[in-house]
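A.B. asks: how would this look folded up:
(one chain, ligands or ions: 2)
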Amino acid sequence: MKKIHIKTWGCQMNEYDSSIILKVLKKNFNCKETNHVEKSDLIILNTCSIREKAQEKLFHQLGRWKNLKKKKKIIIAVGGCVAVQEKKNIYKRAPFVDIVFGPKTIHRLPKMIHLIKNNTKNIIDIRAKKLKKFKFFQKKSIPQIISYISIMEGCDKCCSFCIVPKTRGREISRTPEEIYLESKFLSKNGTKEIILLGQNVNSYKGKFNNGKICKLSKLIKIISKIKKIKRIRFTTSHPIEFTKDLIQTYKKIPKLVSYLHLPVQSGSDKILKIMKRSYTILQYKKIIKKLKLIRPNIQITSDFIIGFPGETKKDFQKTIKLIKKIKFDMSFSFIYSPRPGTIASKLKDKINLKEKKKRLYILQKKINKNTLFWSKKMVGTYQDVLVEKYIYKKNKKKLYGKTQNNRIVIFKGPKSLIGKIVFIKIYKAYLYKLKGNLKKKYVKNG
Ligand code: SAH
Ligand code: F3S
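C.D. replies: Ligands and ions are numbered 1, 2, ... in the order given. Take a look at the predicted model:
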């Protein structure tokens, strides 16, 4: 087995899982990744089932790969959340698939591949009590300025619309020692910004070797001690566990960026209740208020679900009102999509698709207006920008970096600035992109 093709759908956690898949396979086989599916010996599809008709999308994709198998011996493996959701159904509709594995059994892939080579057919390996896959993080890494680290997985909440608790299982947190080691390793490889990931990242409760519990606030403090790490972010958090200690972290740890993704889903308490989100809009606003007292410049982004069963025009107006009030900088907003087996999927949905699309359009227009408002507000100010690369590979003049609030900044400067945080005076703003000039004494802290 020489060439592997990995296709990843969904969130950053899936991206992270795919990077581990590659490491696990490289450790066990003499193999390389390829972008050309027809040249590969092993195809892995890492799926996501959060929205849409995920299973249909999967079978369409598999249909396209079916013929490849007729030409040469290829192993096809399906992983991720749709694999957990569909299990043996995958073999009913696509018997040519060889392996069905889950997010927790990635580390067992080499064993599964050996079994297939020895003529075992249609393997299903989904369950695991422990998160062993994370042990593979140390195995050679491509130097990256911004790196993700998954720190916990799964979800113990039960939002009525969400399939994650089913597909990813109950919450499991990695140990702080392991996360620290991974951060340190990444920093030695050139990483300057770390993004901590979890389906519910602020319910992180890792256990120190001595048995004591480490909360997210503590973990951020620990990572911030690594000198080469200059910025820390985390995503996605739930309002209900946005505790005092985490809010105070914004005071204590300057490396924690002034930018937070805190999904609210709806601006109506009635809808939040049916969604089983267990907070009210007032509570949500209070969190933001406290954060703004500590970091007046903090910007907030959110997720919204539009057209949830029972959402009236009045409820929707409440969401719009909240968007105006908080002035959310950006959002991931989608029309509600019933997921198999969830409580919400049994609710009567009376809103027609046209109306849902209209609401989504109105909401996204409002949010875009905010995005441009915040971008324009930055014109004339100095921003600290983490420089990632040249914008064009061939034209080595203009550099590309990001502000704390995730705006791309384009400016002229020398190669030596890549990997550094520099001060840039912004002179032009677009929706997500800014143009600027280097300040004379520009390097922040190396
Ligand atoms: N733990 C996070 C969200 C994780 S899921 C939180 O508490 O908010 C990521 C996002 O997908 C959610 O915020 C939600 O907006 C969206 N989502 C989840 N299930 C969905 C569904 N059935 N239909 C539409 N959007 C959904
Ligand atoms: Fe999903 Fe709610 Fe958990 S959105 S991931 S069930 S917090």
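
A.B. asks: quick one: the helices in the stretch 151-300 of the chain, in order.
C.D. replies: With helices called from DSSP state H, counting those that start in this stretch, the stretch 151-300 of the chain shows them at 164-168, 176-188, 216-224, 244-252, 269-275, 281-294.

A.B. asks: and these as a markdown table, adding mean neighbour count?
C.D. replies: Just so you know, the C-beta spots here come from the backbone N, C-alpha and C atoms, and that holds for glycine as well. Putting the helices of the stretch 151-300 of the chain into a markdown table (neighbours: other Cβ atoms under 10 Å) gives the following:
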| stretch | mean neighbour count |
| --- | --- |
| helix 164-168 | 21 |
| helix 176-188 | 18 |
| helix 216-224 | 21 |
| helix 244-252 | 16 |
| helix 269-275 | 19 |
| helix 281-294 | 16 |
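
A.B. asks: and of the ones you listed, who's closest to ligand 1?
C.D. replies: Nearest to ligand 1 among the helices of the stretch 151-300 of the chain is helix 164-168 (5.8 Å), distances taken as Cβ to the nearest ligand atom.

A.B. asks: so which bits of the stretch 51-200 of the chain are right by ligand 1?
C.D. replies: Counting by Cβ under 6 Å from any ligand atom, the stretch 51-200 of the chain comes close to ligand 1 at 51, 161-162, 164, 199-200.

A.B. asks: residue of the stretch 1-150 of the chain nearest ligand 2, please.
C.D. replies: Closest to ligand 2 within the stretch 1-150 of the chain is residue 50: 8.2 Å, counting by Cβ to the nearest ligand atom.

A.B. asks: check the stretch 201-350 of the chain too.
C.D. replies: Per Cβ to the nearest ligand atom, residue 238 is where the stretch 201-350 of the chain lies closest to ligand 2, at 4.9 Å.

A.B. asks: mind listing what that residue touches?
C.D. replies: The contact partners of residue 238, taken as Cβ atoms under 8 Å, 6 or more residues apart in numbering, are 157, 200, 202-203, 263.

A.B. asks: farthest pair within those?
C.D. replies: Greatest spatial distance in the contacts of residue 238: 203 and 263, 13.6 Å, computed using Cβ to Cβ.

A.B. asks: so which of the helices of the stretch 151-300 of the chain comes closest to residue 309?
C.D. replies: With distances scored as Cβ to Cβ, the stretch of the helices of the stretch 151-300 of the chain nearest to residue 309 is helix 269-275 (7.2 Å).

A.B. asks: what does this structure have sitting close to ligand 2?
C.D. replies: So the chain meets ligand 2 at 155, 157, 159, 162, 164-165, 199-200, 238 (Cβ under 6 Å from any ligand atom).

A.B. asks: pLDDT averaged over stretch 415-427, what's the number?
C.D. replies: Over the span of stretch 415-427, the pLDDT mean works out to 95.

A.B. asks: may I see the buried residues of it?
C.D. replies: Judged by neighbour count (16 or more other Cβ atoms under 10 Å), stretch 415-427 contains these buried residues: 417-426.

A.B. asks: and it, how far apart are its ends?
C.D. replies: End-to-end distance of stretch 415-427 (Cα to Cα, to the nearest Å): 22 Å.

A.B. asks: mind listing what residue 261 touches?
C.D. replies: Residue 261 makes contact with 235-237, 300-303 under the criterion Cβ under 8 Å, 6+ apart.

A.B. asks: now list the buried members of those residues.
C.D. replies: Listed as buried from the contacts of residue 261 are 235-237, 300-302; burial here means 16+ other Cβ under 10 Å.
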